[in-house]
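>>> let's see this in three dimensions:
(2 chains)
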There are 2 protein chains.
Amino acid sequence: MELNEALHRLKELQERQYAYGAGLNALNLDGDTVAPRDTNEGRALAMSILAGDWHRQFTSPETGELLNFLTEHQAELPATERRQTEVLKRDYDKSTRIPQEEFVAFQRLTSEANDIWKRAKESSDFAMFQPYLEKIVAYNIRFAAYYDPNKLPYDALLDEYERGATTAYLDDFFSALRKRVVPLLQAVRERPQIEDSFLHRRYPVEDQRKLSDYLMSVMGMDRNHSTIGETEHPFTLTFNNKDARITTHYYENDLASSMFSVIHESGHATYDMGVRDEYQYTCLANGVSMGIHESQSRFYENLIGRSRPFIEAIYPKVREIFPEQLADISSEQFWRAVNKAQPGLIRTEADELTYPLHIMVRYEIEKRLIDGSLKVADVPAEWNRLYKEYLGVDVPDDARGCLQDVHWAGGSIGYFPTYALGSAYGAQMLQRMEQDIDVWGPVGRGDLTQVTAWLRDKVHQYGGFLEPADVVRNACGTFDPNVYAEYLEKKFSALYGL
Amino acid sequence: MELNEALHRLKELQERQYAYGAGLNALNLDGDTVAPRDTNEGRALAMSILAGDWHRQFTSPETGELLNFLTEHQAELPATERRQTEVLKRDYDKSTRIPQEEFVAFQRLTSEANDIWKRAKESSDFAMFQPYLEKIVAYNIRFAAYYDPNKLPYDALLDEYERGATTAYLDDFFSALRKRVVPLLQAVRERPQIEDSFLHRRYPVEDQRKLSDYLMSVMGMDRNHSTIGETEHPFTLTFNNKDARITTHYYENDLASSMFSVIHESGHATYDMGVRDEYQYTCLANGVSMGIHESQSRFYENLIGRSRPFIEAIYPKVREIFPEQLADISSEQFWRAVNKAQPGLIRTEADELTYPLHIMVRYEIEKRLIDGSLKVADVPAEWNRLYKEYLGVDVPDDARGCLQDVHWAGGSIGYFPTYALGSAYGAQMLQRMEQDIDVWGPVGRGDLTQVTAWLRDKVHQYGGFLEPADVVRNACGTFDPNVYAEYLEKKFSALYGL
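Numbers count the residues shown, from 1 in each chain, chains lettered A, B, ... in the order given. The predicted structure follows:
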């Protein structure tokens, strides 16, 4: 094989990967947004076949030969193609360890499980979902052994979502946070509570849609290249850096829920849309890891979106859309309300302070499902016990308990910890950003261009070119979870007068 | 090869065909409905690769061997698999004559052309679209030679959309219609014209959406298995018999436009959703031809939808939705207005009587583009000349002229004649239906279940199992275009007191 031919085939391989991904994404997006309710069967069949066909192509001996050839010639490759080869070779080695039939069956299972999960959640019926989750856990355990039989199974799964993360690392991380966040939350709860009942007045969905449009424009989302849809659980789906879709969920009696999910998902989209053009239709086109992705979404949602200057900037428009509901509310009251710390049941509705505790519950449960010390049948009871222990709340039903998240139904175990890591990365990035540029002046005028330019320069543009740890190091030096804890202490001490 | 193994592979082949089709459909549907405007590049890339991959699989020597084996053993096959083999073998023989690169390039071209056409139409700029149409015509001429070098090129293309139709057959058909429809239209135009200005009062889109929901329910469309979206040009996209999507286009000053397009597209969907379960995910799952498909959509739209009993049945609800706009209008006035015969510019807005004349213009132009006697650059002038000759109208711009239809941009030449054939088939089916069952009693009560049951029994259930001509014969005997002409004469004589 000539090197030039190999480089041409590398490009084709990645374009093909893009194409199958786009087809599957379009089917997924359709299923989650506009498809009629009882149409899952045909979609699941199509998706399992397309995923299987791609998997077969990607894991073919020809792909292996190509990647081996390029690996042998890596010294001669341009930096971009060298990194692509490295990423694809790692994926290839992992994928070829999963037998084709198991891979296809798993795709079909998760497609069905997603549908069943929706219904189980609607009727708060864990028993309906249990057999699917049992199969998903069993598959994940088998897959972990395929990925790396020398690792703890849960570590092998973690590595899928955040390369380099391990149980030992996360145990330390969460234990550090627990030591500082739990006492902080207790101190907060002993103070007079923030009044936020006005956020639960009646906010018609139509008007909330207008607010979403406004927030997307503040976020700099170009509507010729992005849309917003409505789904049970908000998500971002990026086809490429010119085509990103976000979704949200409106609650008529909850203004903050959709508002901050729109900012959060726009943060994900902004990351993907900031990746260099040269990486498009290649394996480097998307954000490098879940943890880094969450660092960006939560950066916009919490560090910027829930800051005093940002609220000052957007509040006039919010009040213009909801003049009656907010007639008696000042921007300070609004800012305090959207930052109220209060243990609750729902992760996606959790405030910035209690959020990591929601993640800890899932982390503990996932770890034990995978090491076999917890049975799926016992998940509801264990979930409820941990919520009582960490957050002090009683879970009234599984819809608001262990059925609330889509992740497990989608087959993902080991994903949740990235949410907490992301917040910690974000806090450290903000610290560095404040040293580099004037963050709060422009933000206070509703101008996020400098913030986004900094993030694009330090994080977004690289896509998958750098490893997660290198992205953090590149943006803000060696990772230190204490920066995050300090950020939380400072912010909530000020809010609650500690 | 064992016969059982071959049958298993036949099933797999068709499921795979379904899967690639579903992926492409989902991308297409997304592109036409919810995708942001400037996102075509990535979608076109993905679609060209997926279409190419499927084409390569379908045209592989392995597929050829399988189909040859099954063809040799056809006497031993069950009827369904025998028919599947016949249909697939014919497609295979055709497809293997088109070189892979040309096929892929054509997919990419039409995807781009579709995007350009939208913009060209917006700015009424034929020159923008011309180079794309030139390429599309050139491809079609080459493809026709691949399909059947012994046929006239246009006949070979017609065969793609309506097997068995030829230029000679259509020349006769249109000439027969011209002899009876043109004088009928002239007679109609000498009578006092029907008052229909009230259809152009202001009908807010939101309320028209409610009417669409109502009409879909009258049509028996199960909303757990169907949706309605909004696009420039209405269409139906069926994933399978449990999942059909229709679209419409609302004009605030035109009540009838969307109303009858919803009935029309629901007619297409009703056909596809009536195909037997056993044919799903096979090559027999959809309607057998464009002509038969149009016979069903236009049956619902015109023969039922514009009938006096149907209008009587639905008018109370229409007036309930638009109480002010229709306060002074009786159901008879409404019925007469939606049947007004009036030469116009836009095919999709044409009445039942002038519609075939719109088709004749396109038929003449397509025929001559393909036989080389008309240049693409001359299409606008020729279009305008024929509209003057057949319909007596002056075309003010290409947006309302030769840029109005999506078909050519989508690569389809030879499709239009099926629209006129469909109406003729439908008229003959109605004649037979009236002999078999009480059509108008139930329709007058807004109950279409018997009509749909008859069509399902005679037409829908068979999907692609019968040839187009056999579907017509099975439903209503030997095809006779005079039944259609008589139907038009009778209806419009009554409406206009001839």
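>>> need the nearest residue in space to the residue nearest to the spatial centre of chain A, chain neighbours excluded.
What sits nearest the mean C-alpha location of chain A, by Cα atoms, centre = their mean, is A:Glu294, with 5.0 Å. Spatial nearest neighbour of A:Glu294, excluding adjacent residues (Cβ to Cβ, 6 or more residues apart in numbering or on different chains): A:Gly422 at 2.6 Å. For the C-beta atoms, the positions are set from N, CA and C on the backbone; glycine is no exception.
>>> ok, the one you found - how many residues close by?
The number of residues packed near A:Gly422 is 23, by other Cβ atoms under 10 Å in any protein chain shown.
>>> surely it meets A:Arg298?
Yes: A:Gly422 lies in contact with A:Arg298 (Cβ atoms under 8 Å); the separation is 5.2 Å.
>>> pretty sure the residue nearest to the centre of chain A is in a helix, no?
Yes: assessed with DSSP: H, G, I helix; E, B strand; the rest coil, A:Glu294 lies in a helix.
>>> that one touches A:Ser423, doesn't it?
Yes: assessed by Cβ under 8 Å, A:Glu294 is found in contact with A:Ser423 at 7.1 Å.
>>> which residue does the stretch 251-400 of chain A bring closest to chain B?
Residue nearest to chain B within the stretch 251-400 of chain A: A:Tyr281 (6.5 Å; Cβ to the nearest Cβ).
>>> where's that residue relative to A:Thr227, distance?
21 Å (Cβ to Cβ, to the nearest Å).
>>> could you do A:Gly287 as well?
A:Gly287 is 19 Å from A:Thr227, by Cβ to Cβ.
>>> more neighbours, the two?
Using other Cβ under 10 Å as the criterion, A:Gly287 and A:Thr227 rank with A:Gly287 on top: 26 against 22.
>>> that one: what secondary structure?
Under three-state DSSP, A:Gly287 falls in the coil class.
>>> look up the pLDDT of A:Leu498 for me, please.
The score at A:Leu498 is 89. That number is its pLDDT.
>>> now swap in A:Val181 and tell me
pLDDT, A:Val181: 89.
>>> isn't A:Ile49 right next to B:Glu15, touching?
Yes: counting by Cβ under 8 Å, A:Ile49 does reach B:Glu15; the two are 6.2 Å apart.
>>> if you count what's nearby, which of these two comes out ahead?
Neighbour tally, A:Ile49 and B:Glu15, criterion other Cβ under 10 Å: the higher count belongs to A:Ile49, 23 against 16.
>>> partner residues bridging whichever residue of the stretch 101-250 of chain A sits closest to chain B?
Here the stretch 101-250 of chain A gets closest to chain B at one residue, A:Asp243, 3.8 Å apart by Cβ to the nearest Cβ. For A:Asp243, the beta-bridge assignment (DSSP bridges) gives partners A:Asn240.
>>> packing partners of the helix or strand encompassing A:Asp159?
Under the criterion of DSSP states H and E, A:Asp159 resides in helix A:153-161. Packing partners of helix A:153-161 (3 or more Cβ pairs under 8 Å, 6 or more residues apart in numbering or on different chains; DSSP states H and E): helix A:126-147, helix A:167-189, helix A:355-371, helix A:417-436.
>>> run the angle between the shortest one and helix A:417-436 for me.
Orientation check (axes from the mean of the first three to the mean of the last three Cα atoms, to 10 degrees): helix A:355-371 against helix A:417-436 gives 140 degrees.
>>> need the residues that contact helix A:355-371.
Around helix A:355-371, the neighbours that count as contacts under Cβ atoms under 8 Å, 6 or more residues apart in numbering or on different chains are A:137, A:140-141, A:144, A:152-154, A:157, A:167, A:170, A:174, A:177-178, A:181-182, A:185, A:343, A:347, A:350, A:374, A:376, A:379, A:382-383, A:386-387, A:390-391, A:402, A:405, A:413-414, A:416-417, A:419-420, A:423.
>>> returning to that earlier point: send me the helix holding A:Asp159 as PDB with only the CA atoms.
This file holds the C-alpha atoms of helix A:153-161, laid out as PDB (Å, rounded to 0.1, in the frame of the first residue of the first chain):
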ATOM      1  CA  PRO A 153     -14.900  -3.900  34.800                       C
ATOM      2  CA  TYR A 154     -16.300  -0.500  35.900                       C
ATOM      3  CA  ASP A 155     -12.900   1.100  35.100                       C
ATOM      4  CA  ALA A 156     -13.000  -0.300  31.600                       C
ATOM      5  CA  LEU A 157     -16.500   1.200  31.200                       C
ATOM      6  CA  LEU A 158     -15.400   4.600  32.600                       C
ATOM      7  CA  ASP A 159     -12.600   4.700  30.100                       C
ATOM      8  CA  GLU A 160     -15.200   4.700  27.300                       C
ATOM      9  CA  TYR A 161     -16.600   8.000  28.500                       C
END
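>>> averaged over its residues, what pLDDT does it have?
94.
>>> run the angle between that helix and helix A:355-371 for me.
Helix A:153-161 and helix A:355-371 meet at an angle of 120 degrees, taking the same axes, to 10 degrees as the criterion.
>>> stretch A:37-56 close to chain B?
Yes: against chain B, stretch A:37-56 shows contacts by Cβ under 8 Å from any Cβ of the partner chain at A:37-39, A:41-43, A:45-50, A:53.
>>> buried set for stretch A:54-71?
A:54-55, A:58-59, A:63, A:66-67, A:69-70 (16 or more other Cβ atoms under 10 Å in any protein chain shown).
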